[in-house]
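Asks: What shape does this take:
(4 chains)
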2 protein chains.
Amino acid sequence: MPLTLKDIARMAGVAESTVSRAINNKPGVGKETREKIMDLVRKYNYRPNQLARGLAKKETQMLAIIVAELSGADYKIIKSIEAYANEQGYNCIICNTDNNQQKEEAYLALLSNQQVDGAIIIGGELANKNIINTALNKNGLLVLVNCLSEELLIPTILVDSGRGGYLATSHLLEQGSRKVAIVMGSRKDYLESEKLAGYLQALKDYHLEVEEKHIIETDGSREGGYQAFFQALEEGDLPEAFFVTKDILAVGLFDAIKMGGYLIPEDFSIVGYGESIISSIIDPGLTVVAEPLEELGRYAAEYIINLIQGKNPEEIIKVLEPDLKIGESSRFKIR
Amino acid sequence: MPLTLKDIARMAGVAESTVSRAINNKPGVGKETREKIMDLVRKYNYRPNQLARGLAKKETQMLAIIVAELSGADYKIIKSIEAYANEQGYNCIICNTDNNQQKEEAYLALLSNQQVDGAIIIGGELANKNIINTALNKNGLLVLVNCLSEELLIPTILVDSGRGGYLATSHLLEQGSRKVAIVMGSRKDYLESEKLAGYLQALKDYHLEVEEKHIIETDGSREGGYQAFFQALEEGDLPEAFFVTKDILAVGLFDAIKMGGYLIPEDFSIVGYGESIISSIIDPGLTVVAEPLEELGRYAAEYIINLIQGKNPEEIIKVLEPDLKIGESSRFKIR
DNA sequence: TTGTAAGCGTTATCAC
DNA sequence: GTGATAACGCTTACAA
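Replies: Residues are numbered from 1 along each chain as shown, chains lettered A, B, ... in the order given. All right, here's what the predicted structure looks like:
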């Protein structure tokens, strides 16, 4: 049976409203009274019930970070969101949806119910529009990161994956490779499809034909990357280079290439996606498309907090640019 | 302005209590009435406000997972907790404390305030006892995972890190190494100190002297692992084997050893801690102490949910045993 | 400066 | 079966 504000009021011999004012640092409380109250608060370690407070104030100083899959890259974004949010006096709860609509719905309900003041959705296939709409209709404040809402006009901030795909592919082409394959996750994933688009654009700019068999769609797992190589091998007409869109895929691909007795980058040049501990351990060091994840997170946090505080930011869609970090896996190739 | 239960009641022409009964699937509502109500609920996508519900019912079907640092290993535990919790109809929010007492306090407040029905704390230096006590006094239900409360009697479930340290060290000794060093994180970390204790016990059982300089305490980073090796090198009297207590440390150590022109396991045998993507990428494949993380998470979730539902489990402390997964980094050594 | 009282959106306890 | 009505713990006009 936790202590309530009423208890404190009774003990201090004042009204509840006075206690409320005192603990919220509001004016209109006598110095003496305030001290008496705060002493009791400290003594009994009283903490206001946030449920009740939220219900009454419609404000919780709490943000929800809704993420489809808690991977390494997303985690960097989360860290960065938390850092800024904390600075501004907000706490964050992380909600993992596993790409499950029902869960996403449940967590978005936190928003509609004002259990959190705002939510940031990171990645994944976007939720049911109805649900999002419901949340938004209820004055829910929402920002999307690295995903896109098809119809709804929701503030979005993302890294240009198309540009990333273009950078990766054109780098491989510049290094002398002509047959470049892409090893990717599901085309249905928005970011993946963008990377593919960048890849295609690069080929086009270099006046190269697109080979369907050089577009290798996988389940995005290590095993998927492994099989991708042998699939290419079986098809014949081996590519000279691979653009791999996920670090785990790259691990599998490396495994397979080494297993086949080939060398990187002598036999195959490779460019991966995303700076991670994994891509830095892989041997030889992976050339990767690097994303400004910290900036991404910070920007998202800033945005939602501005929204909460009633400041309406200018841009509704912010696009950040990735760049290329050259490693050893893509050395120049003499044709 | 979200729809409230009152609105639904008005539209259906019934009392609020009836609507409440209907949406909670409680008996005592006529079939027709119930249908009329549910139709409205669907039509307007009404969702009860969980804040109000929580306030009235003192129950939220929500669990908090409080974690000191969202690392790979902890993430496996979280996944497993979530899986079981979801099965049982609970949603989980993840709270990252960054080993910061203030944040821990804020998140624990979720518990005292009944915003969540229970909390699971994973790892890290344990919070201020006062705070935990406050949460518990308020009937907060709490389970600890991989950390220990010094005085308070809180249900705890953990993997025997002492045993892990012992397994690792004795394996290296059995493989023929005599000079085994330990490269570890902070001794203040409970789990790390346990691993050290296991290491010491193994040396003792093999009647070997403890060399202070073979106990290398680091900051637990890749860089820390890197420097650990050169530190050992400078000290002279190089160890023949290393027991590394964290995978990131192992990465740094590998870097350094290769940089120094040495071979693994020919020159140095190595055993790491925890199965992870990292330890599986490292070349040569790392021998590791493997922990039953899924079981750990599941057990914790089961425990807290039992507690919530009023079933009092038998054991208050559950210890799971790790085992050794042999890789290539610790091959037999002829002295 | 302080107190009174209404309200936030539910659930629960009674009557009817 | 159904409807009033009092909680739940807090905030916030408005009065005093």
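Asks: Spell out which parts of chain A neighbour DNA strand D.
Replies: Within chain A, the residues that sit near DNA strand D (C-beta under 7 Å from any atom of the strand) are A:2, A:4-6, A:16-17, A:20-21, A:23-24, A:26, A:48-49, A:52-53, A:55-57. Placement of C-beta: from N, CA and C, glycine included.
Asks: among the residues you listed, which are in helices?
Replies: Counting by DSSP state H, the part of the residues of chain A next to DNA strand D found in helices is A:5-6, A:16-17, A:20-21, A:23, A:52-53, A:55-57.
Asks: shaky segments in chain A?
Replies: Filtered on pLDDT under 70, chain A yields the residue ranges A:1, A:125-139, A:333-335.
Asks: Now do the strands in it.
Replies: With strands called from DSSP state E, chain A shows them at A:62-67, A:91-96, A:118-122, A:142-145, A:156-159, A:180-184, A:215-217, A:241-244, A:269-273, A:287-290, A:317-320, A:323-325.
Asks: Could you say which of these is packed most deeply?
Replies: The highest mean neighbour count among those, using mean count of other C-beta atoms under 10 Å in any protein chain shown, belongs to strand A:241-244: a mean of 30.
Asks: Sheet-wise, list the partners of it with their directions.
Replies: strand A:180-184 (parallel), strand A:269-273 (parallel) (DSSP bridges).
Asks: export the ones you listed to CSV and tack on distance to DNA strand C?
Replies: Output for those, formatted as CSV (distance: least, C-beta to the nearest atom of the strand, whole Å):
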stretch, distance to DNA strand C
strand A:180-184, 43
strand A:269-273, 43
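Asks: Go through these and name the closest to residue B:325.
Replies: With C-beta to C-beta, the closest approach to residue B:325 among the strands paired with strand A:241-244 belongs to strand A:269-273: 27.0 Å.
Asks: Now do that closest one: everything it contacts.
Replies: For strand A:269-273, the external contacting residues (C-beta atoms under 8 Å, 6 or more residues apart in numbering or on different chains) are A:164, A:168-169, A:171-172, A:175, A:177, A:195, A:240-247, A:250, A:253-254, A:264, A:279, A:282, A:286-289, A:324, A:329-331, A:333.
Asks: Let's have the strands of chain A in CSV, adding distance to residue B:295.
Replies: Output for the strands of chain A, formatted as CSV (distance: least, C-beta to C-beta, whole Å):
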stretch, distance to residue B:295
strand A:62-67, 25
strand A:91-96, 20
strand A:118-122, 29
strand A:142-145, 34
strand A:156-159, 38
strand A:180-184, 34
strand A:215-217, 35
strand A:241-244, 34
strand A:269-273, 33
strand A:287-290, 35
strand A:317-320, 41
strand A:323-325, 39
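Asks: With respect to residue B:124, which of those strands lies nearest?
Replies: Between residue B:124 and the strands of chain A, the shortest separation by C-beta to C-beta is 15.9 Å, and it involves strand A:91-96.
Asks: just checking, what packs against that closest one?
Replies: Counting contacts by 3 or more C-beta pairs under 8 Å, 6 or more residues apart in numbering or on different chains; DSSP states H and E, strand A:91-96 packs against strand A:62-67, helix A:72-87, helix A:101-112, strand B:91-96, helix B:101-112.
Asks: Format the ones you listed as a markdown table; extra columns: distance to DNA strand C.
Replies: Output for those, formatted as a markdown table (distance: least, C-beta to the nearest atom of the strand, whole Å):
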| stretch | distance to DNA strand C |
| --- | --- |
| strand A:62-67 | 17 |
| helix A:72-87 | 25 |
| helix A:101-112 | 9 |
| strand B:91-96 | 16 |
| helix B:101-112 | 18 |
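Asks: Tell me which entries of the contacts of strand A:269-273 lie within helices.
Replies: Short answer: those in helices (DSSP H) are A:164, A:168-169, A:171-172, A:195, A:247, A:250, A:253-254, A:279.
Asks: What distance do you get for whatever residue of the stretch 101-250 of chain A ends up closest to DNA strand D to residue A:64?
Replies: As assessed by C-beta to the nearest atom of the strand, DNA strand D sits closest to residue A:114 within the stretch 101-250 of chain A, at 12.0 Å. From residue A:114 across to residue A:64, the span is 11 Å (C-beta to C-beta, to the nearest Å).
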